[in-house]
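Undergrad: What follows is a predicted protein model with its sequence.
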Amino acid sequence: MDRCGWVGADVVYEGYHDTEWGVPEHDARALWEKLILDGFQAGLSWITILRKRENFRSAFADFNPEIIATWGEEEVSRLLEDAGIIRHRGKIEATIGNAQAYLTLQDAQGFDRFLWDYVDGVPIRNAWASLVDVPTETALSRRISKDLKKAGFKFCGPTIVYAFMQAVGMVNDHTLNCHRHGIVAHMKGPGEM
């Protein structure tokens with residue numbers, strides 16, 4: 001079975017690629033979780049985050065922004081001692097601030113709508129021949145990054161935002177030889193065709 005070149009032979013990557021990556025996500029909390037995890041990935045490999053994802057969910061109250069937005073130094077200290085996650089003070093503190101920023105956007109217009117309005121609610125469908133053709137950022141990811149930062153988010157640079165857009169299906173970057181390219185192109189959301 002042909003897959004995107006970044007997957008390799010890792011069973012964790014295969015499962016993620018074959019069931020999640022590129023599937024249009026519209027659940028606001030799930031979108032926020034994926035943005036936070038992409039921020040934690042900065043400087044690391046995505047497989048590191050995938051292998052720690054359940055630990056992250058446990059440590060971060062299942063990524064409930066209403067809870068995380070109230071956290072302070074006590075929770076930051078607890079998380080810095082948790083070997084099951086990436087122990088980076090800046091990223092942990094940014095997650096708390098990002099929860100607050102998320103709640104403001106969610107109340108104002110909905111986080112899902114905020115993000116998906118950039119693509120008029122329809123995923124961008126690319127047709128890349130190989131992995132080397134896929135960009136690491138675009139003019140749109142730079143624009144979204146700038147707007148997220150203006151809204152109070154951190155660890156959301158254009159490369160992180162583009163990886164996020166790929167993960168949540170705002171852009172279909174499965175390569176043309178990948179068995180998921182055509183499947184994902186017709187999806188409206190998780191589990192939908």
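TA: Looks like it came in fine.
Undergrad: Show me where this protein has its helices.
TA: 11-19, 28-41, 46-59, 65-68, 73-80, 89-108, 111-116, 139-150, 158-167, 180-185 (DSSP state H).
Undergrad: now I86: how far from L79?
TA: Noted for I86: a distance of 10 Å to L79, by Cβ to Cβ, to the nearest Å. Just so you know, the C-beta spots here come from the backbone N, C-alpha and C atoms, and that holds for glycine as well.
Undergrad: typo on my end, G182
TA: For G182, the distance to L79 - Cβ to Cβ - is 41 Å.
Undergrad: The two: which has the busier surroundings?
TA: More crowded of G182 and L79, by other Cβ atoms under 10 Å: L79, with 23 against 11.
Undergrad: In space, what's closest to the more buried one - neighbours in sequence excluded?
TA: I92 (4.9 Å; Cβ to Cβ, 6 or more residues apart in numbering).
Undergrad: list the contacts for the one you found?
TA: 76, 79-80 (Cβ atoms under 8 Å, 6 or more residues apart in numbering).
Undergrad: Backbone dihedrals for F60, both of them.
TA: phi -110, psi 40 (degrees, to the nearest 10).
Undergrad: give me the number of residues near it?
TA: 25.
Undergrad: Surely it touches E75?
TA: No. The pair F60 / E75 is not scored as a contact, 9.3 Å apart, by Cβ atoms under 8 Å.
Undergrad: ok, the contacts of I92 vs N126, which is closest?
TA: Nearest to N126 among the contacts of I92 is L79, at 36.4 Å by Cβ to Cβ.
Undergrad: Would you enumerate the residues in contact with that closest one?
TA: 59-60, 85, 87, 92.
Undergrad: let's see 7 Å
TA: With contact taken as Cβ atoms under 7 Å, 6 or more residues apart in numbering, L79 is in contact with 59, 85, 92.
Undergrad: measure stretch 3-22 end to end?
TA: 13 Å (Cα to Cα, to the nearest Å).
Undergrad: Please identify the buried residues of that stretch?
TA: 3-4, 7, 13, 16-17, 20-22 (16 or more other Cβ atoms under 10 Å).
Undergrad: how close does K188 sit to N172?
TA: 12 Å.
Undergrad: now do E81
TA: Taken as Cβ to Cβ, the span from E81 to N172 is 40 Å.
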